[in-house]
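> what's the 3D shape of this:
(one chain, ligands or ions: 2)
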Amino acid sequence: MAERVFIFDTTLRDGEQAPGASMNIEEKLIVARQLEKLGVDIMEAGFPAASEGDYESVRRISEEIEFCRVAGLSRTRREDIEKTLKALEPAKNPLIHIFIATSDIHLEYKLKMTREQVLKAAGEAIRFAKKYLDLIEFSCEDASRSDPKYLVQVIQEAVQAGASVINIPDTVGYALPFEFENLVKYLRENTPGIEKAVLSVHCHDDLGLAVANSLAGIRAGARQVECTINGIGERAGNASLEEIVMALHTRKDLLGFDTKINTEQIYPASRLLRKITGYPIPPNKAIVGANAFSHEAGIHQDGVLKHRLTYEIMTPQKVGIPQNRLVMGKHSGRHAFRGRLQELGFELSDEELDQAFKKFKELADKKKEVFDEDLETVVMDEIIKIPRKYRLKYININSGTEVMPTASVQMEIDGVLLRDAEFGDGPVDAAFKTITKLTGAKCKLLLYSVNAITGGTDAQGEVRCRIEENGLEVSGFGAHTDIIVASALSYIDALNHLEFKKQNRSGLKGEEA
Ligand code: KIV
Ligand code: ZN
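Ligands and ions are numbered 1, 2, ... in the order given. Have a look, this model is predicted:
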């Protein structure tokens, strides 16, 4: 029988550290439920000492998740460990993930600690946590740039102190696959007692090698791999869960490993995260990109029609891409609506379903055909309960070839109705200027993009924007059959996320945050 590789998902912790990908508690809970459906073995729910918001979300996820192990990240300091343990208290299967950097560059410039001090801090932290929780994972941050001989000492101490999982991160995505494989092999062969622990790898994608390095780590003996949905994460991101899982699955002939992932939930998980974070998926992204299974060249199409194995190494059904593009319309009933949402990975309460169904009917009145992408947009507003300081009440635009573009906007701000108008270089500029004036926003617009969600001139326009204020970056999303309205909604959504993020700003300063 094939050996098992454990999938440790860190979308809600490392993934969420991607600029503009922050999620509120409700959003994290939705993703956590989907991760459970997907069958990940462990989900890292957050970093409780980083902020009250993180603490609360780890606690809520711990309360709700039934089968999958829930992990919380912690530095080696006692207050962090206590806070993490408290957040994990309600979890049925908790795990504390303690980390400290081991590379000389991190020790000298970030931690300002000696090797001996780090060794001692790791051992003490694990021994302290072990008094309260049996399952401890220990990570040597920046392992791939650490002295391997020193890593042996730290890992030996961690295992002796009671860590049952040892994680080797390529924190800055620096390693090459053969090098990383050799490192994991070296640690396995030279660390006394290491066989008592499960070895884990955690790779970042700065050189585009995160998945290759993770597979190299598995070849060298790692039996746990840390990854995120759509590969989101710090900088260039983390190793992508769907790519690792499908590589293990598709090349089982050579690699010989199994995972417990329900691969048909991969696509719903990917879509859900994309909707929630606003992080676009490049069309050529492996496994979940829009073009991942489409064949453009005539010679390829011909081959696939004759026998799909000529150009297809896995089927779209295997990763849960719906085959029947079910089109709904104004005559579709509540039952069909609920059924399609379930196929797309959304479970709504009765109350949420009522609201979403009402919006679906409104949209179906404007648009003849309602596609899956439209449905996703309709339900997101219902299930994501971000506090909304700002709401759009109405927007009127005057623009054309002979007039100066003008927007007049009415908004509800903290329950108070306010109205104003502004000129702009175009209708979107006028709308944004008026909203900025009404809200007093000080942010910078980093990105603005418009997409037609589906084909046709009655398609909903999907607008995404990313804004930044004092180092905080957030995304906003809006969809409407009128793209100026969609633009205003996306800007207001971003401003609401910014407000939310300001209130949950990380308490960590400097150091190994
Ligand atoms: O990249 C990294 O080193 C991490 C650790 C905290 C595991 O995310
Ligand atoms: Zn990381």
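> can you list the buried residues in the helix or strand of the chain with the lowest mean pLDDT?
In the chain, no helix or strand scores lower on mean pLDDT, DSSP states H and E than helix 298-306, which sits at a mean of 74. Within helix 298-306, the residues that count as buried by 16 or more other CB atoms under 10 Å are 303-304. Any C-beta I mention is one placed from the backbone N, CA and C, and that applies to glycine too.
> with stretch 417-431 instead?
422, 424, 427-431.
> which of those fall in strands?
E422 (DSSP state E).
> name the nearest of the buried residues of stretch 417-431 relative to ligand 1.
V428 (37.8 Å; CB to the nearest ligand atom).
> pLDDT at the closest one, what is it?
Looking at V428, its pLDDT stands at 95.
> for E64, see how far away it is.
Using CB to CB, to the nearest Å, one gets 40 Å for the distance from V428 to E64.
> parallel or antiparallel, list what pairs with the helix or strand V450 falls within.
Using DSSP states H and E, V450 falls within strand 444-452. Paired neighbours of strand 444-452 in the sheet (DSSP bridges): strand 461-469 (antiparallel).
> pull the residues that contact the partner strand.
Contacts to strand 461-469, defined as CB atoms under 8 Å, 6 or more residues apart in numbering, come from residues 20, 278, 280, 373, 377, 441-453, 473-483, 486-487, 489-491, 494-495, 498.
> where does the stretch 301-450 of the chain have low pLDDT?
Across the stretch 301-450 of the chain, the ranges flagged by pLDDT under 70 are 324-326, 381, 383-386.
> OK, contacts around the residue of it found nearest ligand 1?
Proximity of the stretch 301-450 of the chain to ligand 1 (CB to the nearest ligand atom) peaks at L446, 24.3 Å away. Going by CB under 8 Å, 6+ apart, L446 touches 465-468, 473.
> what distance do you get for it to F8?
L446 is 31 Å from F8, where distance means CB to CB.
> packing partners for the helix ranked longest in the chain?
The longest helix of the chain (DSSP state H) is helix 483-503. Packing contacts for helix 483-503, counted by 3 or more CB pairs under 8 Å, 6 or more residues apart in numbering; DSSP states H and E, involve strand 390-398, strand 406-413, helix 427-439, strand 444-452, strand 461-469, strand 472-480.
> check the offset of it from the chain's centre.
Centroid separation for helix 483-503 versus its chain: 19 Å, with CA atoms, centre = their mean, to the nearest Å.
> now the angle between strand 406-413 and that helix, please.
Interaxial angle of helix 483-503 relative to strand 406-413 (axes from the mean of the first three to the mean of the last three CA atoms, to 10 degrees): 40 degrees.
> pull out the buried positions in helix 483-503.
483-501.
> got it, and stretch 20-28?
Neighbour count says stretch 20-28 has 20-25, 27-28 buried, by 16+ other CB under 10 Å.
> then that stretch to PDB, C-alphas only?
What follows is stretch 20-28, C-alpha atoms only, in PDB (Å, rounded to 0.1, in the frame of the first residue of the first chain):
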ATOM      1  CA  GLY A  20      -4.200  42.300   0.400                       C
ATOM      2  CA  ALA A  21      -5.300  38.800   1.200                       C
ATOM      3  CA  SER A  22      -6.400  39.300   4.800                       C
ATOM      4  CA  MET A  23      -9.700  37.700   5.900                       C
ATOM      5  CA  ASN A  24     -12.000  38.500   8.700                       C
ATOM      6  CA  ILE A  25     -13.200  35.900  11.100                       C
ATOM      7  CA  GLU A  26     -16.400  35.000   9.200                       C
ATOM      8  CA  GLU A  27     -14.400  34.600   6.000                       C
ATOM      9  CA  LYS A  28     -11.800  32.400   7.700                       C
END
